[in-house]
Each structure stands twice: as C-alpha cells, then as structure tokens.
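In: A structural model of the following input is requested.
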Amino acid sequence: MLMEHTTIKEVAARARVSTATVSRILNGKYAHRSSTVENVKRAIEELRTARTFSGGREVETPESVGVVMFAYRDFLNTNYNATLASSIMEELTSENYSAQIIALSPKSLGIGYIAGLVREHHLKGLLVPEFDLLYAVSEKLEKLGIPVVSIGNFSGIRCRVSSNSFRAGCDAANYLWSNGHRRFGIVSMSRTDFCQAQRIDGFCRTIQQLGGDPEEVWIREFRSLEGYSASSVISELVNMKRSPTAIFSTNSMFSRKLIAGLAQAGLHVPGDISLLSFEEDGELEDFPVPVSVMRQPTRDMGRLAVEMLVKKLRGLEVVENEELNCSLIIRRSVRSIPVE
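Out: Predicted structure coming up:
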C-alpha cells in the first residue's frame, strides 16, 4: 500500500510503467510479469525511504549522483575542476539531485572501489570528468547498471559531453600563423591524455596544411601538474639558436609559470615571445600583459552533462554525444611579426 502523500503517478514515473499498471498491481487485479511487480514494489519502497518527517511535514530527500574525479594535490583549486564542479552542483541542485564527490587517488583507482561507493551511497548515476589515469576504469563503469555520462574526449563511455580539442588546436595554429609566426612551440600535459593529444594533433596538422613543417614544432610534455617547474623549458628556450617566436600552452597553470619563468630569464611576453594559452583561469586576463586564450566552454559542459544524465535517469530520449567548440579570446600576449 502507498504511504500517505505519495501518489500512484509518482510510483508510475519511478517504475517507468503506466498509472493503470500500478493501480492494478496495488489492487491485486490482472496478471503481471513478476519483474514488473517487483519494479513497482521497489519504486514504492524507494519513495518511502526517500521521505523523512520534520516538524510534522514531509520533506523529500534528493536522490544522489556520484561525481568521479581523479584527485591530485589542490585538484579542486584548478580553474577547470572548480568551474566544472560548481556547474555540476548548481545544475544538479536545480534538478533536485544531490552530489557525492568520489575523489580517487591512484591507490583507489579500481572498479570494485567505485562499485562499493555506489552501493553505500545509493547512487542513481555517475558523472565522470575524465583524465588519462581514469580511462582504464571509466570504460568499465557502465557495467554497474546505472546511467553514466563522461565529460571529456575519451570514447570509453557511450554518453559524453566534450569540447572539440582537435579544432581548438587547429584554431590556435591558424591564429598564430595569421600573425606571421612560423616557428612554434607547444608546452603540454602528456599525450596519454586524449584531449592533450588532440590539441597537439590539430595544431601540427594545421601547420602542415598552411605550408609549415610540423616536425619543426618544438614540443615539451609533462606527466603531472604536481611539482611542475618551468625551469627546464625556460633554460632550453634561452639556449636555443632559433627559438620559437610563439608558444601554445595547453594548460593555464603552465601558462602562468611560463610567463614568470621567462621574465626571470629576461624574456618578455609578447616582445620576445608570443604566448597563446588553452583554457581560461580567471587570472590570465589580469596579467600585466593579458594572455590570449582558447577558452573551453567548461560551465556549459557541466550543465549539459547533468542534463544528459537526468534525462537518462527519467527514461527520456537523449543525444549521446555533445561536442562544444572553444572560443578564441584575443588579448595582448600575441604580437604580429613580419613573415620570415
């Protein structure tokens, strides 16, 4: 029997059956498959446990969604993670869902650990901002039997929202080339991360199409943001006979450290070297020389991922792959130079 203040319509929506089916099952009429009967009973029990009594009035406890994130030092202080997390929280709240952050260290990167948290917190779905260390786990998450949506370019999860990193690399190359630059550098996270690899690939392919030699693009990769120092990059740049006239940095933290390191070495942006950064971080526009960026639509990615997951939770039709374009924000860190 239904508890007070719960309607047949609510049960039908949760069990994904008609109100007539719920009514017949409750009244013991007509024969239904055992799976349908169990589904309706489960929906009633979930609605029962989802309501608590406070001050004599019923309050519905929001269902919870897990947000699976790889945790490194200060990971929530990076602009991308902080912006994405806040966007996800705001959108989930507006849809009456709560969020459980699942922060995974390398030691806890395992499907068994995540499955245990899903059971413990009764999670109804998962959102997964993907990085390379999560790829080996994320493609197994759909086996947990709950809706999963990834945020990133990896295709291991069927439903995903991503920015077009390849096109961002192409646009970055076109912009620098149009300003007369012909010697390029790229400072990036490791290409084991698909997004980083796509940005570099898009950049180099565009340079080739424009008539340049992608083999001459100076590329330096770093495995982790933790402990990253720009000193080795700066030292190499200072000692090069024909150093790049423009650098594309695929991470805003790299960009900040590059500017500081170049200044200490007596080189300045953009007088000595131009700099184009991927990703906005709230600080690059406030530098003495505001930094031009390929801005990633991070907030929109979080919002669309939540919308996609909520539709799946409600049994609605959903577009399984949403890809958004980055936008070029022109400031003063890239100067035009005569074509060599």
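In: ok, and the closest non-adjacent residue to residue 96?
Out: Spatially, and ignoring its direct neighbours in sequence, residue 96 is nearest to residue 62 (5.1 Å; Cβ to Cβ, 6 or more residues apart in numbering). Backbone N, C-alpha and C define where each C-beta goes, glycine included.
In: please, which helix or strand holds residue 257?
Out: helix 252-264 (DSSP states H and E).
In: what's the spacing between that helix and its chain's center?
Out: 24 Å (Cα atoms, centre = their mean, to the nearest Å).
In: which strands or helices does it pack on?
Out: Taking 3 or more Cβ pairs under 8 Å, 6 or more residues apart in numbering; DSSP states H and E as contact, the helices and strands that helix 252-264 lies on are strand 184-189, helix 231-239, strand 246-249, strand 274-278.
In: wait, residue 259 sits on residue 287?
Out: Yes: between residue 259 and residue 287 there is a contact under Cβ atoms under 8 Å: 6.5 Å.
In: is the closest residue to residue 123 other than its chain neighbours part of a helix or strand, or is it coil?
Out: Spatially, and ignoring its direct neighbours in sequence, residue 123 is nearest to residue 66 (4.3 Å; Cβ to Cβ, 6+ apart). Classification of residue 66 using DSSP: H, G, I helix; E, B strand; the rest coil returns strand.
In: related to what we said a few turns ago, more neighbours: which of residue 259 and residue 287?
Out: A count of neighbours by other Cβ atoms under 10 Å puts residue 259 above the other of residue 259 and residue 287, at 24 against 17.
In: how about the helix or strand encompassing residue 40, which residues are buried there?
Out: Assessed by DSSP H and E, residue 40 sits inside helix 34-49. By 16 or more other Cβ atoms under 10 Å, the buried positions in helix 34-49 come out as 39, 40, 43, 44, 46, 47.
In: list just the nearest of these to residue 192.
Out: Proximity of those to residue 192 (Cβ to Cβ) peaks at residue 46, which lies at 40.6 Å.
In: distance of the nearest residue to residue 152 once chain neighbours are set aside from residue 302?
Out: Nearest residue to residue 152 in three dimensions, chain neighbours excluded: residue 130, at 3.5 Å (Cβ to Cβ, 6+ apart). Residue 130 is 13 Å from residue 302, where distance means Cβ to Cβ, to the nearest Å.
In: what is in contact with the two at once?
Out: Listed as contacting both residue 130 and residue 302 by Cβ atoms under 8 Å, 6 or more residues apart in numbering are residue 151.
In: residues contacting the helix or strand hosting residue 170, please?
Out: Taking DSSP H and E as the criterion, residue 170 maps to helix 165-178. By Cβ under 8 Å, 6+ apart, the surrounding residues in contact with helix 165-178 are 153, 184, 194-196, 198-207, 210, 212, 246, 248, 274, 276, 278, 292, 294, 296, 325-326, 328, 330, 334.
In: okay, now the unreliable bits of the stretch 201-340 of the chain?
Out: Residues of the stretch 201-340 of the chain meeting the criterion pLDDT under 70: 224-229.
In: ditto for the stretch 1-150 of the chain
Out: Across the stretch 1-150 of the chain, the ranges flagged by pLDDT under 70 are 1-6, 29-30, 48-61, 132-136.
In: can you give me the helices for it?
Out: 8-15, 19-26, 34-49, 79-94, 111-120, 135-138 (DSSP state H, counting those that start in this stretch).
In: show me the contact partners of the first one.
Out: Meaning helix 8-15. Applying Cβ under 8 Å, 6+ apart, the external contacts of helix 8-15 come out as 2, 18-19, 21-23, 26, 39-40, 42-44, 46-47, 314.
In: swap in 6 Å and give it another go.
Out: 19, 22, 23, 39, 40, 43, 44 (Cβ atoms under 6 Å, 6 or more residues apart in numbering).
In: list the contacts for the closest residue to residue 280 other than its chain neighbours?
Out: Counting by Cβ to Cβ, 6+ apart, residue 295 is the residue found nearest to residue 280 once chain neighbours are left out, at 4.8 Å. Counting by Cβ under 6 Å, 6+ apart, residue 295 touches 280, 326, 327, 329.
In: partner residues bridging residue 295?
Out: Taking DSSP bridges as the rule, residue 295 bridges to residue 327.
In: rewinding a little: mean neighbour count and distance to residue 118 added to the helices and strands packed on helix 252-264, as JSON lines?
Out: Output for these, formatted as JSON lines (neighbours: other Cβ atoms under 10 Å; distance: least, Cβ to Cβ, whole Å):
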{"stretch": "strand 184-189", "mean neighbour count": "23", "distance to residue 118": "29"}
{"stretch": "helix 231-239", "mean neighbour count": "15", "distance to residue 118": "41"}
{"stretch": "strand 246-249", "mean neighbour count": "27", "distance to residue 118": "37"}
{"stretch": "strand 274-278", "mean neighbour count": "27", "distance to residue 118": "33"}
